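J.: Quick one, what's the 3D model for this:
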Amino acid sequence: MEDEEIKKMLVMDHEMLMVLKHFELAKLDYAKNIKIYTSIPQDKVQIYIERLYAMGLIEKYSGSSVKRTEAKLKKTNEVHKHHTYYHIANKGHYILRDMTEREYIKYVDIPCLRLILLKRERKDNAEKCQKLYEMGIMDKNYEPTEMGLKVLDLARRRQIKI
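T.: Model (predicted):
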């Protein structure tokens with residue numbers, strides 16, 4: 001799969017991006033623990049892990065035990081593996097580095113930018129707001145997130161008429 005396709009999938013599904021970002025933070029982890037830290041249901045986390053693995057963004061960990069120096073979120077010094085552990089691959093690091101507002105603005109059209117800016121138009125456009133929520137540009141209350149504000153600022157700097 002091409003990098004541009006992968007970036008588009010991550011932009012369009014914020015939860016999958018959260019799982020990948022979790023691996024960058026934790027270094028080494030498994031589905032149940034990711035569920036606890038991200039508040040994403042475990043069955044969805046498992047699906048995201050399978051997709052990220054298929055794209056080559058994460059890899060299976062091959063060791064027989066896990067040390068806290070490898071898994072940053074582990075509470076004990078060393079444990080024997082009882083789960084399938086994964087860690088982020090180099091490709092995952094490179095993709096995450098590119099996940100900025102410049103990547104998001106490619107997939108946000110002008111009517112959606114208006115929704116970020118104008119609160120009064122959000123109630124009439126629930127479908128578009130849902131898309132922005134899934135992208136992580138709006139929160140569950142349909143208020144702009146930090147990324148949403150960055151996308152809006154970039155649109156203003158590029159002088160896109162909203």
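
J.: When you work out contacts or count neighbours from here on, use the C-alpha atoms and nothing else.
T.: Will do.

J.: Can you name the next helix or strand after the helix or strand bottoming out on mean pLDDT in the chain?
T.: Lowest by mean pLDDT, DSSP states H and E among the helices and strands of the chain is strand 78-80, with a mean of 54. Later in the chain than strand 78-80, the nearest helix or strand by DSSP states H and E is strand 86-88.

J.: Adjacent strands (with direction) for that following strand?
T.: When pairing is defined by DSSP bridges, strand 86-88 lines up against strand 28-29 (antiparallel), strand 58-60 (antiparallel).

J.: Residues in contact with the helix or strand following that strand: which ones?
T.: Going down the chain from strand 86-88, the next helix or strand is helix 90-98, by DSSP H and E. Defining contact as CA atoms under 8 Å, 6 or more residues apart in numbering, one finds that helix 90-98 is touched by Asp3, Lys7, Leu20, Lys21, Glu24, Gly56, Leu57, Ile58.

J.: So how do I select the buried members of those residues in ChimeraX?
T.: Of the contacts of helix 90-98, the buried ones can be selected in ChimeraX as follows, counting by 16 or more other CA atoms under 10 Å:
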select :7,20,21,24,56,57,58
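
J.: Which members of the contacts of helix 90-98 define the maximum pairwise distance?
T.: Within these, two members stand farthest from each other by CA to CA: Asp3 and Glu24, at 18.0 Å.

J.: follow-up on the earlier one: with mean pLDDT and distance to Asn141 added, can I get the strands paired with strand 86-88 in JSON lines?
T.: Compiled in JSON lines, the strands paired with strand 86-88 are given as follows (pLDDT from 0 to 100; distance: least, CA to CA, whole Å):
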{"stretch": "strand 28-29", "mean pLDDT": "84", "distance to Asn141": "30"}
{"stretch": "strand 58-60", "mean pLDDT": "92", "distance to Asn141": "32"}
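
J.: Would you tell me which of the ones you listed gets closest to Val11?
T.: With CA to CA as the yardstick, what comes closest out of the strands paired with strand 86-88 is strand 58-60 (17.3 Å).
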